[in-house]
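Q: Mind looking at a prediction? Sequence and model below.
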Amino acid sequence: MTLPSPAVRHLSRTIQAHPLGVGCRSTGLGGLRQDRETLGALRAAVEAGATLFVTGDTYGQGHAERILSQLIEEHRGAGLQIVTKIQNVGTAPHLYASPHVRHQLEQTLDNLRDDHVALYVLPSLDFGPDDRYLHEAAEALAAFRRLGVIGAVGLRGPHPSRTTGADQAQRFARVFEVVQPDVVLTRFNPLQQLVIVQGEDLFTFTRRRKVGLLLCAPLARGTLADTRGRISPMPDLSASAWAALRRGLRPLREHVSHLPGGEAAIALRHCIERSPNTVVVAGFGNRRHIVQNFTNLYAFGESDIELADSVYASVRAELHHHTLDFAKIQ
């Protein structure tokens, strides 16, 4: 039996979105021909039901936002929601210096040719020496939210690490209390160990606080999109770790082989099913990737999801012995 399609997710009080978002990191990196192809892919995403698009002010040095402006203009009233991150430090003394935060948001709005972004994200937990810019950045974003220039405040979450994971989680918890974000943005894929914050995994931590969770890089930089090849798509992954990963994922790969792009789609669905307060963000290389991701997302039944859960758990346990390689996949 096929499971019902995932319901619209309430990522925050102001953001309701399709559970699969579109990552635009590769947008705006080519010439006019590639821009046309990218815009065609983004249009296909809207046709497939996508409502949330994630970008940043350094993606194509603002060109990604300008391409998205065309999509926004074509679909006024369709409920498209743009998530963007402040990443371009320019000549400011710090990324989060208050005048610079305001300037970059103004530039983003100009690029998008709009007066509002759904979610504005602080993508780093570095607020300068002694957290010099922490409170002013938090106050600036809170003010933008009150003015309606942004719908919600986002904060980067902690990332699992054998060496700095606990320290980073503690750091995140401190910043979280000051910023009071509506949404946490973090990397997550099916082979990743859960991040623990104040004794709870990040899913539970955010859900109990009624905070949304935006999961990025769900395919581990393309590693989980297609494991048929003998050479890893991740160049720095050792041959032995890649062999173990391919061997472990083989039952799932064969199970979804009837679907074009089935490996990617089952990984995305696995991430979506982790918690009701999440939206999963997948990047794309072309229109075909987007169409396959959205079309196949709903093709799985309960037994498919259970198999995926079991296979991913086994592979996580196997890769745990490949310490350095496991860190790279995460």
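A: All right, it came through fine.

Q: what about stretch 284-297, distance to the chain center?
A: Centre-to-centre, stretch 284-297 and its host chain are 16 Å apart (C-alpha atoms, centre = their mean, to the nearest Å).

Q: Name the residues of that stretch that are buried.
A: 284, 287, 289-294, 296-297 (16 or more other C-beta atoms under 10 Å). Every residue, glycine included, has its C-beta placed from N, CA and C.

Q: Between those, which sits nearest H94?
A: Distance to H94 across the buried residues of stretch 284-297 (C-beta to C-beta) is lowest for F284, with 32.7 Å.

Q: Can you report phi and psi for the closest one?
A: Dihedral pair for F284: phi -150, psi 150, per degrees, to the nearest 10.

Q: and the gap between it and L141?
A: Distance of F284 to L141, given as C-beta to C-beta, to the nearest Å: 29 Å.

Q: For the buried residues of stretch 284-297, could you give me a markdown table that also reports distance to A92?
A: Listed next are the buried residues of stretch 284-297 as a markdown table, based on distance: C-beta to C-beta, whole Å:
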| residue | distance to A92 |
| --- | --- |
| F284 | 32 |
| R287 | 37 |
| H289 | 36 |
| I290 | 35 |
| V291 | 40 |
| Q292 | 41 |
| N293 | 37 |
| F294 | 38 |
| N296 | 43 |
| L297 | 40 |
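
Q: ok, F294 - contacts?
A: Residues near F294 by C-beta atoms under 8 Å, 6 or more residues apart in numbering: 20, 45, 48-50.

Q: Restricted to helices, list these.
A: If you go by DSSP state H, the contacts of F294 have 45, 48 in helices.

Q: Out of the contacts of F294, the closest to L213 would be?
A: Nearest to L213 out of those is L20 (C-beta to C-beta; 13.9 Å).

Q: Next one: the closest one, what pLDDT does it get?
A: Confidence at L20, expressed as pLDDT, is 97.

Q: Give me the neighbour count for it.
A: Close neighbours of L20, defined as other C-beta atoms under 10 Å, add up to 27.

Q: which residues does it contact?
A: 50, 268, 272, 279-282, 293-294, 297.

Q: and what of F176?
A: F176 makes contact with 155, 184, according to C-beta under 8 Å, 6+ apart.

Q: Next: the one 3 residues further on.
A: If you count contacts by C-beta under 8 Å, 6+ apart, V179 has them with 122, 134, 137-138, 141, 153, 155.

Q: F294: which element?
A: helix 287-296 (DSSP states H and E).

Q: Strands along the stretch 201-330 of the chain, start to end?
A: Along the stretch 201-330 of the chain, the segments classed as strands by DSSP state E, counting those that start in this stretch run 212-216, 278-282.

Q: quick one: which of these is nearest H75?
A: Closest approach to H75 among the strands of the stretch 201-330 of the chain is made by strand 278-282 (18.4 Å; C-beta to C-beta).

Q: Could you give the separation of the closest one from the chain centroid?
A: Taking C-alpha atoms, centre = their mean, one finds strand 278-282 lying 5 Å from the centre of the chain it belongs to.

Q: wait, which of the buried residues of stretch 284-297 is closest to T84?
A: For these, the nearest to T84 is F284 (17.5 Å; C-beta to C-beta).

Q: Could I get the contacting residues of that closest one?
A: Going by C-beta under 8 Å, 6+ apart, F284 touches 22-23, 26, 41, 45, 290, 293.

Q: Next: A64.
A: 24-25, 27-28, 55-56.

Q: Throw those residues into a markdown table and include pLDDT and distance to L147, thanks.
A: Output for the contacts of A64, formatted as a markdown table (pLDDT from 0 to 100; distance: C-beta to C-beta, whole Å):
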| residue | pLDDT | distance to L147 |
| --- | --- | --- |
| C24 | 90 | 25 |
| R25 | 86 | 28 |
| T27 | 76 | 28 |
| G28 | 64 | 28 |
| T55 | 94 | 21 |
| G56 | 89 | 22 |
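
Q: Show me what secondary structure element comes after the helix or strand containing L71.
A: For L71, the host element (DSSP H and E) is helix 63-74. As assigned by DSSP H and E, the chain's next helix or strand after helix 63-74 is strand 81-85.

Q: If you count contacts, what does that following strand end up packed against?
A: Secondary-structure packing of strand 81-85 (3 or more C-beta pairs under 8 Å, 6 or more residues apart in numbering; DSSP states H and E): strand 52-54, helix 63-74, helix 98-112, strand 117-122, strand 150-156.

Q: now that strand against helix 63-74, angle please.
A: If you take axes from the mean of the first three to the mean of the last three C-alpha atoms, to 10 degrees, strand 81-85 sits at 170 degrees to helix 63-74.
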